[in-house]
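S.K.: next come a sequence and a model predicted from it.
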Amino acid sequence: MRCKLKMTTSQEEYIPKDLSAELKMGMNEPETANSEIDSFTVYAEGEILRDGNKIIIRYEENDNAGMGNSVAELSFDKNEPKSITLARTGAISVIMCFKEGFRHTCVYNTEIMPFELCIYTKQIDNRLFDMKYIEIVYLVELGGSCAQKTVLKMEIDTI
C-alpha cells in the first residue's frame, strides 16, 4: 500500500534531571540543558508492507535530508509495537533498534567514515493503526559526548 510520510525530528542537548538541578543551582528545569531545540521536517512517499505480523514502512531518503540517497525501512511486529527497527541502506547505512528502556549500540556508516552511536530509547508511542503516527523518544550518544534527546515523529497517510 502506497503512503505519504511526514517525519519531524527534534533534538536538544540532554542532561539528566538530577544533574540538571545541580547545574542550574536548584532551579526547577526540564530534562534538557537548555531550551534550544533543533527541529526539521522531511516529506517522502513510500509503501507499507505486511508480512504476517511484521509491518514494514519503506521509503527513499534523498540528499536534501542529509542522508545521501538511501532506502529506509522502519519495521515492527504487531505483537510488539514498542520494539522498532530502523534499517538504512545506500549512501548511509545503519540498523538502529528501539525498545523502551533498552540501550542499543550501532555503527552508522557514512560516505566519509563510520562511527559508533549508543541509543537509549525512553519512549515509543506506536499509534500507526488508530492515529496514523509513530513517535520515538530516544537519547543518542556519540563517542562519550553529551547525549542528545531526539524525538522522531512519523506521520503516515495512505495514498
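M.R.: Looks like it arrived, so ask away.
S.K.: CA atoms for contacts and neighbours, from now on please.
M.R.: Will do.
S.K.: how about the helices of the protein, start to end?
M.R.: Ranges of helices in the chain, per DSSP state H, are 17-23.
S.K.: which residues of it fall in strands?
M.R.: Ranges of strands in the chain, per DSSP state E, are 2-13, 38-51, 54-61, 70-77, 80-90, 94-99, 103-109, 114-127, 133-142, 148-158.
S.K.: want to throw those into a markdown table with mean neighbour count and mean pLDDT?
M.R.: Formatted as a markdown table, the strands of the chain follow (neighbours: other CA atoms under 10 Å; pLDDT from 0 to 100):
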| stretch | mean neighbour count | mean pLDDT |
| --- | --- | --- |
| strand 2-13 | 17 | 94 |
| strand 38-51 | 14 | 94 |
| strand 54-61 | 20 | 95 |
| strand 70-77 | 20 | 96 |
| strand 80-90 | 18 | 96 |
| strand 94-99 | 20 | 97 |
| strand 103-109 | 15 | 93 |
| strand 114-127 | 18 | 95 |
| strand 133-142 | 19 | 94 |
| strand 148-158 | 19 | 95 |
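S.K.: can you give me the distance of Asn79 to Glu60?
M.R.: 26 Å (CA to CA, to the nearest Å).
S.K.: what does Thr8 give?
M.R.: 16 Å.
S.K.: same question for Val107.
M.R.: Where Glu60 is concerned, Val107 sits at a distance of 20 Å (CA to CA).
S.K.: equivalent analysis for Lys153, please.
M.R.: In terms of CA to CA, Lys153 sits 17 Å off from Glu60.
S.K.: CA atoms only: put stretch 129-149 into CSV for me.
M.R.: The C-alpha trace of stretch 129-149 is given here as CSV (Å, rounded to 0.1, in the frame of the first residue of the first chain):
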residue,chain,number,x,y,z
PHE,A,129,-3.3,1.7,13.2
ASP,A,130,-5.5,4.2,15.1
MET,A,131,-3.9,7.6,14.9
LYS,A,132,-1.6,7.1,11.9
TYR,A,133,1.7,8.1,13.6
ILE,A,134,4.7,6.6,15.3
GLU,A,135,6.8,8.6,17.8
ILE,A,136,10.1,7.5,19.3
VAL,A,137,11.9,9.5,22.1
TYR,A,138,15.5,8.4,22.5
LEU,A,139,18.9,9.6,23.6
VAL,A,140,21.9,9.5,21.3
GLU,A,141,25.4,9.4,22.5
LEU,A,142,28.4,9.7,20.1
GLY,A,143,31.8,8.6,21.4
GLY,A,144,31.1,9.6,25.1
SER,A,145,30.0,13.1,24.2
CYS,A,146,26.9,14.7,25.9
ALA,A,147,23.8,12.9,24.9
GLN,A,148,21.1,14.4,22.7
LYS,A,149,17.5,13.9,23.3
